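Engineer: how does the following fold in three dimensions:
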Amino acid sequence: MSGLLHLLTFLLYSALGLLLWRSVWRPAGPEIAQHPAATSAVGRLAVLAPLTLHGGLLYLSLFSGTHLNLGVGNVVSAIAWLTVLIYWLASFRYNMEGLQTLVLPGAALCLLLPLAFPEAHTITHTESPLFKSHLLISLLAYSLFTIAALHALLMALAERRLHGHALSRILGKLPPLLAMESLLFRIITVGFVLLTLSILSGVMFSEELFGKPLQFSHKSLFALLSWCIYAALLGGRKIYGWRGRTATRWTLAGFAMLLLAYIGSKFVLEVILQR
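Structural biologist: Predicted coordinates:
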């Protein structure tokens with residue numbers, strides 16, 4: 001039954017992503033300026049179905065035993081679910097047209113990872129309020145930076161098509177690039193605050209459990225490198241007015257460090273080294 005539900009959710013994510021991709025990125029026609037509110041409402045309602053199924057499957061997988069199962073598949077799936085949820089909620093306030101064409105296919109792939117890597121990696125001390133706070137803040141930070149990275153890629157694609165005069169429907173629906181850039185830095189700012197809190201809560205959690213404020217490892221190294229990159233990006237934006245391709249490159253570089261910090265380390269330890 002679980003396998004069938006995974007397949008159904010995967011197909012729903014994939015079908016929605018494909019339909020939206022074809023409607024958004026195909027060459028623009030004379031109706032490019034039309035953007036009925038009803039279309040956006042139907043799209044949001046459609047996303048809610050796989051999002052709900054994904055959440056139920058994730059809950060069953062995370063709490064399959066007496067302790068929280070934070071294997072690499074579950075962690076990536078949780079980040080993907082939170083990413084779709086944050087995108088879905090933000091779409092009620094902000095014009096995030098086009099981002100779903102990147103978010104939904106990614107969620108479809110991440111949904112299958114608990115099946116591909118079913119090895120359990122149970123975590124003790126999950127009853128600790130500090131650990132719960134650290135885990136939630138970390139997952140939210142990853143999800144926000146995932147959205148920021150996808151948003152930066154969307155900006156790069158739109159800018160490339162605009163400069164290449166290859167107009168598509170998306171350019172008629174997207175806000176101006178400056179407005180998209182402003183939204184990108186809002187996302188990064190909130191993500192940076194959460195990343196800072198994640199690092200600080202991780203230090204406190206390590207102190208509480210192991211008597212050490214910080215266990216130096218490649219995970220902590222890449223996390224600090226990511227923090228430094230995003231700090232430099234926000235500082236460069238404030239002082240030097242960094243924008244455009246510079247902002248995109250720094251955003252993606254910081255996200256790459258985050259992937260190496262946690263997901264990369266978990267993949268190496270659990271899948272390759274079988275620890």
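
Engineer: give me the number of residues near residue 98?
Structural biologist: 25 (other Cβ atoms under 10 Å). Every C-beta, even on glycine, is put in place using the N, C-alpha and C of the backbone.

Engineer: give me the three-state assignment for it.
Structural biologist: coil (DSSP: H, G, I helix; E, B strand; the rest coil).

Engineer: can you give me the strands in this protein?
Structural biologist: In the chain, the segments counted as strands under DSSP state E are 68-69, 122-123.

Engineer: what about the stretch 1-150 of the chain, any weak spots by pLDDT?
Structural biologist: Within the stretch 1-150 of the chain, the ranges that satisfy pLDDT under 70 run 1, 24-40, 65-66, 119-126.

Engineer: now with 90, please.
Structural biologist: Judged by pLDDT under 90, the stretch 1-150 of the chain has its weakly predicted residues at 1-3, 17-45, 61-75, 91-102, 113-135.

Engineer: can you map out the helices along it?
Structural biologist: Counting by DSSP state H, counting those that start in this stretch, the stretch 1-150 of the chain has helices at residues 2-25, 37-62, 72-90, 100-111, 113-116, 129-163.

Engineer: report the distance from the fifth one to the chain centre.
Structural biologist: Averaging C-alpha positions (Cα atoms, centre = their mean, to the nearest Å) puts helix 113-116 18 Å from its chain's average.

Engineer: same question for the longest one.
Structural biologist: Relative to the centre of its chain, helix 129-163 is centred 5 Å away, using Cα atoms, centre = their mean.

Engineer: quick one: list the elements packing against that helix.
Structural biologist: On a contact count with 3 or more Cβ pairs under 8 Å, 6 or more residues apart in numbering; DSSP states H and E, helix 129-163 meets helix 72-90, helix 100-111, helix 169-173, helix 177-210, helix 244-258.
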